[in-house]
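Peer 1: need the 3D shape of this:
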Amino acid sequence: MKMSIVEKILKLKKEKKAVILAHNYQRPEIQDIADYVGDSIELSRKAAEEKDAKIIVFSAVDFMAESAAILNPDKKVLLPTLGARCPMAQMLTVYEIKKWKAAYPLAPVVLYVNTLAEAKAYCDICCTSANAVEVVESLDSETVLFGPDSNLAEYVRRKTGKNIIPIPEKGFCPTHLLFQPEDAQILKRKNPDAVLMVHPECTAEMQEIADFIGSTSQMCRYARESNEKRFIVATEEGLIYRLRKENPEKEFIPAYEEAVCPNMKVNTLEKIYTALKEEENVVRVPEQIAKRAREALKRMFELK
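Peer 2: Just a heads-up that it's a prediction; the model follows:
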């Protein structure tokens, strides 16, 4: 009897002592076969806890697989598709960081995990969308260089009251820019009992009309613990699948149905199978970069 692609993956995974990690924005069929589904740092931490795993298949985009490789130097990290690149991570170069550091030599550099390893190597501490406010509040400085997402930087500025300087000035996530407050308000009028959940990568105008602002992991927790039954969700559409799967008695309405990250969606079951079978697309971070980036990530973890 011919094996299905899922059966082939699961068989290989067991034989090779591999663990499959999938970001919340991955295709439903990938989420279903993953050992863990979550945000980028949740997944990297899970990988570090998998003491028996020899291989990590990280179904997401480039910077996430890099973080997993940095935090798990003794494991082979595979990215199913080499073309799975995060546009926002590409927006912040080492040159840009050095330029702003020269202008503000005393200001600490906080970088969102949505950055490439070479950029992380030049920051003081990393943050996620879930802990950005706590990270910035922990710093003994009223001026902070923050990159690469200018919308998250604005959110942190409002929450902390500090002078947050975005680097680059207009870094953004193309998918989260698709959400428009006018569309969300129409949905809210049609669904007055629904809670509007907004990711902080959305514009300030979207955040202003939100009932809840949070990362994908925070949205999952809020939806699970809330007594509310209906939610309008303003983040990449892949999260809707997980929310519905974990909360079948609740309703989740996409704030914009076409909010799809094409870079997240290039991963497929077939590509995961090939990467695992051939052990190709190995993610390698030069040790001099990995060492410095690892310190910035560890400082973030130490806050928790």
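Peer 1: which SS state does residue 129 fall under?
Peer 2: Under DSSP: H, G, I helix; E, B strand; the rest coil, the three-state class of residue 129 is coil.
Peer 1: what number of residues lie near it?
Peer 2: By the measure other Cβ atoms under 10 Å, the count of residues near residue 129 is 27. In short, each C-beta sits where N, CA and C put it, glycine included.
Peer 1: model confidence for it, exactly?
Peer 2: At residue 129, the model reports a pLDDT of 93.
Peer 1: could you pull out the strands for the protein?
Peer 2: Using DSSP state E, the strands of the chain run over residues 18-23, 36-38, 55-59, 76-78, 109-112, 125-127, 143-147, 163-166, 195-198, 212-213, 230-234, 251-254.
Peer 1: deepest in the core, which of these is it.
Peer 2: Compared across the strands of the chain, strand 55-59 shows the largest average neighbour count, a mean of 28 (mean count of other Cβ atoms under 10 Å).
Peer 1: could you list the domains of the chain?
Peer 2: As assigned by automatic domain parsing, the chain contains the domains 5-84+264-284, 88-173, 176-254.
Peer 1: just put those in a markdown table and tack on distance to residue 303.
Peer 2: Shown next, in a markdown table, are those (distance: least, Cβ to Cβ, whole Å):
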| stretch | distance to residue 303 |
| --- | --- |
| domain 5-84+264-284 | 12 |
| domain 88-173 | 6 |
| domain 176-254 | 15 |
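Peer 1: relative to residue 301, which of these is closest?
Peer 2: When those are compared by Cβ to Cβ, domain 5-84+264-284 sits nearest residue 301, at 7.6 Å.
Peer 1: that closest one - what's its average pLDDT?
Peer 2: Rounded mean pLDDT across domain 5-84+264-284 is 93.
Peer 1: check stretch 296-304 too.
Peer 2: Rounded mean pLDDT across stretch 296-304 is 88.
Peer 1: check the offset of that stretch from the chain's centre.
Peer 2: Computed by Cα atoms, centre = their mean, to the nearest Å, the chain-centroid distance of stretch 296-304 equals 16 Å.
Peer 1: show me where the stretch 201-304 of the chain has helices.
Peer 2: All helices of the stretch 201-304 of the chain, identified by DSSP state H, counting those that start in this stretch, fall at 204-208, 216-225, 238-246, 269-278, 287-302.
Peer 1: the fourth one - contacts with which helices or strands?
Peer 2: Helices and strands touching helix 269-278, by 3 or more Cβ pairs under 8 Å, 6 or more residues apart in numbering; DSSP states H and E, are helix 5-15, helix 28-33, strand 55-59.
Peer 1: what does the average pLDDT come to for stretch 171-187?
Peer 2: Averaged across stretch 171-187, the pLDDT comes to 97.
Peer 1: what do you get for stretch 99-115?
Peer 2: When pLDDT is averaged over stretch 99-115, the result is 97.
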